[in-house]
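Novice: Below is the sequence, then the predicted model.
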Amino acid sequence: MSLGKRIYELRSQRKMSQGDLAERLGVSRQSISKWETDSSVPDLERLVRLSEVFEVSLDQLVKGETEQQEEPEMETSAAATERVVYVQPKISGRVIIGSVLLVLACLAILLGTLLGDFAGGLILSLPFIIFGTVCLLVKQHCGLCCAWVAMLLSDTYLRWATGISISTVRYTLHYTADMNYMRLAMAWILLLLFALVIFCTVRLFCKKPWEGNSREQKVLLGAWALLCLLHIPLPLPYILYGALEWFRMLLFSCLLGRTIAFVRKKMK
């Protein structure tokens, strides 16, 4: 059986039309038709994607090999015993790290209570509680989420405790020794770390495959419209305005990555 006939059979078994399969693979319906008539052959990347969609191995897809199930031998002895395989569930490193952080938070509160400073112990435990909760709740890209939370907490603390913010770098050319160069250095470090987090976020959303349907395009346009609306000046408290500013930055990074993925798809 040829590769085209196998693709046709597998598609028919799953009750998928050529259009449905083309949308899943991000190709045109004409490409699917050419593959099934053996007019052309899909490249390696499409073959891998086909095997994932049809839930078969590459050997089954390309060579037509089927997994032969060996019939169980008839047990002739009454003393034959049934073997039971127990699979030990794996605990992800994310859950372990989150649990350890929450345990450290409890120890910090306990230590503060024993020293007669419950409030101090609670403040000391807040970073462990926040990052531990993020590790336990966020299942994908946990490290990047923790980086965003760390940047938000650092920026909030520096703004309220020292008055240092990313906007301080605007005065670099006018800075003098009397204005404390250490404050300027911390602002530049914060800016570089923030740029690194944005770069990682954009790169992540660029790599996500673009499905190519109209729904995703509408969501993308709606999100850009929301981002524009969020720039309308509102009478908000200072702390809420700072949180809104960080949300706009996060939303912009995600939308920029998806827009780049959309443009790449259209250029192909």
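Specialist: Okay, I see it. Predicted model, so just to flag it, every value in this text is computed and none were measured.
Novice: State the distance from residue 97 to residue 129.
Specialist: Distance of residue 97 to residue 129, given as C-beta to C-beta, to the nearest Å: 13 Å. C-beta here means a position set from N, CA and C on the backbone, and glycine is covered the same way.
Novice: before we move on, what about residue 94?
Specialist: From residue 94 to residue 129 the distance is 16 Å (C-beta to C-beta).
Novice: burial of residue 33, as a residue count?
Specialist: Residue 33 has 15 neighbouring residues, counting by other C-beta atoms under 10 Å.
Novice: now do residue 12
Specialist: Residues within reach of residue 12, counting by other C-beta under 10 Å, total 11.
Novice: 543 is where my numbering starts, stick with that
Specialist: OK, 543 is where the count begins now, so the last one is residue 554.
Novice: How confident was the prediction at it?
Specialist: We note a pLDDT of 83 for residue 554 in this prediction.
Novice: Look at residue 732 and tell me its secondary structure.
Specialist: Put simply, residue 732 is helix when judged by DSSP: H, G, I helix; E, B strand; the rest coil.
Novice: Low-confidence regions, the stretch 643-792 of the chain specifically.
Specialist: Scanning the stretch 643-792 of the chain for pLDDT under 70 picks out the ranges 753-755.
Novice: make it 80
Specialist: Applying pLDDT under 80 to the stretch 643-792 of the chain picks out residues 750-758, 776, 778, 780-785.
Novice: ranges for the helices of it?
Specialist: For the stretch 643-792 of the chain, the helices defined by DSSP state H, counting those that start in this stretch cover 660-679, 684-703, 723-749, 756-771, 780-809.
Novice: In the fourth one, which residues are buried?
Specialist: Translated: helix 756-771. Going by neighbour count (16 or more other C-beta atoms under 10 Å), the buried part of helix 756-771 is 762, 765-766.
Novice: who does it touch, helix- and strand-wise?
Specialist: Identification of packing neighbours for helix 756-771 by 3 or more C-beta pairs under 8 Å, 6 or more residues apart in numbering; DSSP states H and E yields helix 780-809.
Novice: Now do residue 747: how many residues are near it, please.
Specialist: 18.
Novice: For residue 744, see how far away the nearest residue to it once chain neighbours are set aside is.
Specialist: Among residues not flanking residue 747 along the chain, residue 799 sits closest, at 2.6 Å (C-beta to C-beta, 6 or more residues apart in numbering). Separation of residue 799 from residue 744 (C-beta to C-beta): 4 Å.
Novice: same thing with residue 793?
Specialist: Taken as C-beta to C-beta, the span from residue 793 to residue 744 is 12 Å.
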